[in-house]
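Participant: prediction below, plus the sequence it came from.
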Amino acid sequence: MTDNRVERRLAAIFAADVAGYSRLTGSDEEGTHVRLRERLRGLADPKISEHRGKVVKHTGDGVLAEFGSVVDAVRCAIEVQRGMAEQNATIPQVKRIEFRIGIHVGDIIVDDNDIFGDGVNIAARLEGIAEPGGVCISDDAQRQVRGKVDFAFEDMGPQNLKNIVEPMRAWRLRMNASGSAAAPIEPPVESTQALALPDKPSIAVLPFENMSGDPEQEYFADGMVEEIITALSRFKWLFVIARNSSFTFKGKAVDIKEVGRRLGVRYVLEGSVRKAAGKVRITGQLIDAITGAHIWADRFERDLTDIFALQDEVTVAVVSAIEPKLLQTEIAMAARRRPENLTAYDFYLRAVPQYYLTTREGLAEALRLLHRALELDPGFAWAASMAGVCHMLNVVLGYANDPQFDRKEAVRLVHLALSIDDGDPETLARASVTSAFMVGDSEAEIEMADRAVALNPNSFNTWNCRGQVYRIAGLPEEAIRSFERAVRLSPVDPRLHLPLTGIGMAFIELRRFDEAIVVGKKALRQNLYIGGCPNERTHVRASTSWSNYRFWHLSGMMGCTTRVRNVHQSGRPPTKPKFVRSRPNSTASRSAPYG
């Protein structure tokens, strides 16, 4: 029989990585790689061998090693950090390579030339909570080195380490810039405990690094960050850390997880700015501060003409890229949570993808989840406004068993949302488009839509809703401008089919049929089933004209099949769609709580 037993042994595990490695490679990929290789081969590897350790492998941005003695491992770590400090002494802060080192003693599995097991995992997690230039060791390791090394470690208390079931007590050694150990300090209670995360997505924007080599350009990098913070703050569903708190990290090599812990945020945006030869290049990356995972990264390069216009342009690009990505990430996290732990916001997040499906079943499930959210939090304006939109879509798309009930519920819920918060741009946008379809008070609806984009000019949804409001009001040219603004703000948005569909419908109303077909095809490429009226799908299958199919599908979303047939069969101008609305009289319209 084959012997399937694995080799195990007790060892001290040494794990090191580079703090801020992604930031360093983002600004200078080749230079960072060369400098890291020099530090590993010229310093870390020789020190490990000198202290009777064995390099198991280099890990891309660090090294994994094993020792027969914890004392040897800790002494090696101290000498490596001392050597790194000496080599960094003449290097600008933004270019420094600083190791974080974690050490644990435990049982490991040996397979070929690699090591595995909980002992390795714990060392890697300790490395993740070590300070740049510092060393973090487990309680088991600390007990064995106590009194045997010249440095005193600070007690960090129990730490919750990722994928480690029980909290583990950890100890840290902080090194000065000179390479000597910093005196152990007793940090204040508030700094040792992570701030509780807010009940909505939270983000901090760190100061961008000025990579231009010209200290006079710091104002540009700082201005860039301030603009992004201001733009993100307009999204009321986001909790954004103020500029003064974020800027306390300026000029420091930071550990993103520590930033998240100290500021109490889930996400951190960091980046760099480089100006040269009449151009400016800005890189940005969005990081999950809990896991350290990179959610989004991009690079923007523009001609350097008007600095302030450039700041506005790049701000819009960055915010438009990360806003939908944040929402997608939050939705995914809510889907993974157990039902018994769901909050009102979790129910809302679970409703969003169902709402986006725009199917009968999707809208029904979205309404169920949104009503659960409102049961938990009756003052949740977003849940109320989205529920109103769902009822409106049931009527418009022909899903409603009782259209009169859905119309009344749509109007009731947007009234409720506005009574809770009539200064929220998202609530105003949804209320405006729901009222446009269900009520038809164009003056009040345009006022709400205009207020929404004024309050948040960076929102895809506010501009998309404004486009629908203007289109229904009989102003297709202005509607197209709004839809195009939405597309420009979020060119990779998963909801891109919505403004594209709106542009196509506006083109139909302007009798620009060829352009409508083109944009209709784009909309369908973005979302192969734009929820048309299900009871007319036979008409689609029977259609021999691909353009007719596209036209029908495009207009089916808003219940406009009759208009398309008019266009194709008679060439007459399309008639405005007629929905059975509960139209109040003009006096009631003016007094309704929309404006």
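Facilitator: Alright, I've got the coordinates.

Participant: buried residues in the helix or strand Glu477 falls within?
Facilitator: Using DSSP states H and E, Glu477 maps to helix 476-489. Neighbour-count burial for helix 476-489, with 16 or more other Cβ atoms under 10 Å as criterion, is recorded at 476, 478-487, 489. Every residue, glycine included, has its C-beta placed from N, CA and C.

Participant: quick one: contacts for Ala417?
Facilitator: The contact partners of Ala417, by Cβ atoms under 8 Å, 6 or more residues apart in numbering, come to 381-382, 384-385, 388, 427, 430-431.

Participant: as CSV, the buried residues of helix 476-489 with distance to Arg143 would be great.
Facilitator: Output for those, formatted as CSV (distance: Cβ to Cβ, whole Å):
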residue, distance to Arg143
Pro476, 75
Glu478, 72
Ala479, 71
Ile480, 71
Arg481, 69
Ser482, 66
Phe483, 66
Glu484, 66
Arg485, 63
Ala486, 60
Val487, 61
Leu489, 56
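
Participant: and these, which is closest to Leu161?
Facilitator: For the buried residues of helix 476-489, the residue nearest Leu161 by Cβ to Cβ is Leu489; the value is 39.5 Å.

Participant: ok, that closest one touching Pro324?
Facilitator: No. Contact criterion Cβ atoms under 8 Å: Leu489 and Pro324 do not qualify, at 9.9 Å.

Participant: any shared contact partners between these two?
Facilitator: With Cβ under 8 Å, 6+ apart as the test, Leu489 and Pro324 both reach Phe460.

Participant: with only the CA atoms kept, save stretch 383-395 in CSV.
Facilitator: Extracted C-alpha coordinates of stretch 383-395, given in CSV (Å, rounded to 0.1, in the frame of the first residue of the first chain):
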residue,chain,number,x,y,z
ALA,A,383,-36.2,51.5,0.2
ALA,A,384,-39.5,53.4,-0.1
SER,A,385,-38.5,55.2,-3.3
MET,A,386,-37.2,52.0,-5.0
ALA,A,387,-40.4,50.2,-4.0
GLY,A,388,-42.4,53.0,-5.6
VAL,A,389,-40.4,52.5,-8.8
CYS,A,390,-41.1,48.7,-8.7
HIS,A,391,-44.8,49.3,-8.5
MET,A,392,-44.6,51.8,-11.4
LEU,A,393,-42.7,49.3,-13.5
ASN,A,394,-45.4,46.7,-12.8
VAL,A,395,-47.9,49.0,-14.5
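
Participant: so what's the gap between that stretch and the chain middle?
Facilitator: 25 Å (Cα atoms, centre = their mean, to the nearest Å).

Participant: what do you get for stretch 505-525?
Facilitator: Worked out by Cα atoms, centre = their mean, stretch 505-525 lies 32 Å from the chain centre.

Participant: tell me which residues in that stretch are buried?
Facilitator: 505-510, 512-513, 516-517, 519-524.

Participant: need the max-distance pair from the buried residues of helix 476-489.
Facilitator: It's Pro476 and Leu489 that sit farthest apart of the buried residues of helix 476-489, by Cβ to Cβ, at 20.1 Å.

Participant: just say helix, strand or coil for Lys237.
Facilitator: No, residue 237 isn't Lys; it's Trp. coil (DSSP: H, G, I helix; E, B strand; the rest coil).

Participant: report the contact partners of Pro457.
Facilitator: Arg234.

Participant: from Ser435, how far out is it?
Facilitator: 21 Å (Cβ to Cβ, to the nearest Å).

Participant: with Arg262 instead?
Facilitator: Arg262 is 44 Å from Ser435, by Cβ to Cβ.

Participant: look at these two and report which has more neighbours.
Facilitator: Ser435 (29 against 19; other Cβ atoms under 10 Å).

Participant: contacting residues around the more buried one?
Facilitator: 411, 414, 441, 444-445, 448, 594.

Participant: among those residues, who's most crowded?
Facilitator: Val414 (32 neighbours).

Participant: Three-state assignment for that residue, please.
Facilitator: helix.

Participant: that one reaches Ala436, doesn't it?
Facilitator: No. The pair Val414 / Ala436 is not scored as a contact, 10.8 Å apart, by Cβ under 8 Å.

Participant: secondary structure class for Gly284?
Facilitator: Applying three-state DSSP: Gly284 is strand.

Participant: what sits closest to it if chain neighbours are left out?
Facilitator: Gly271 (3.8 Å; Cβ to Cβ, 6 or more residues apart in numbering).

Participant: report the contact partners of the closest residue to Asp118 other than its chain neighbours.
Facilitator: The shortest distance from Asp118 to any non-neighbouring residue, by Cβ to Cβ, 6+ apart, is to Gly106 (6.4 Å). Shown in contact with Gly106 (Cβ under 8 Å, 6+ apart): 10-11, 13, 117-119, 122, 138, 140.

Participant: wait, is Gly106 part of a helix?
Facilitator: No. Looking at Gly106 with three-state DSSP, it is strand, so not inside a helix.

Participant: what bridges to it?
Facilitator: Per DSSP bridges, the residues bridged to Gly106 are Ala11.

Participant: ok, it to Ala436 distance?
Facilitator: Taken as Cβ to Cβ, the span from Gly106 to Ala436 is 64 Å.

Participant: and Ser202, by the same measure?
Facilitator: 34 Å.

Participant: for Ala221, give me phi and psi.
Facilitator: Phi and psi for Ala221, reported as degrees, to the nearest 10, are phi -60, psi -40.

Participant: ah, wrong one, I meant Phe14
Facilitator: phi -120, psi 120.

Participant: quick check: chain neighbours aside, which residue is closest to it?
Facilitator: Ala65 (4.3 Å).

Participant: helix, strand, or coil at the one you found?
Facilitator: strand.

Participant: now Asp155: phi and psi?
Facilitator: Dihedral angles for Asp155 - degrees, to the nearest 10 - are phi -80, psi 120.

Participant: ditto for Arg511
Facilitator: Torsion angles, degrees, to the nearest 10, at Arg511: phi 60, psi 30.

Participant: now swap in Arg266 and tell me
Facilitator: phi -90, psi -30.

Participant: what is the neighbour count of it?
Facilitator: Neighbours of Arg266 using other Cβ under 10 Å come to 22.

Participant: wait, doesn't it sit right on Gly260?
Facilitator: Yes. The pair formed by Arg266 and Gly260 meets the contact definition of Cβ under 8 Å, at 6.8 Å.

Participant: identify the contacts common to these two.
Facilitator: Contacts common to Arg266 and Gly260, judged by Cβ under 8 Å, 6+ apart, are 289-290.

Participant: could I get the average pLDDT for the strand or helix carrying Ala364?
Facilitator: Using DSSP H and E, Ala364 sits within helix 360-376. The pLDDT scores in helix 360-376 average 94.
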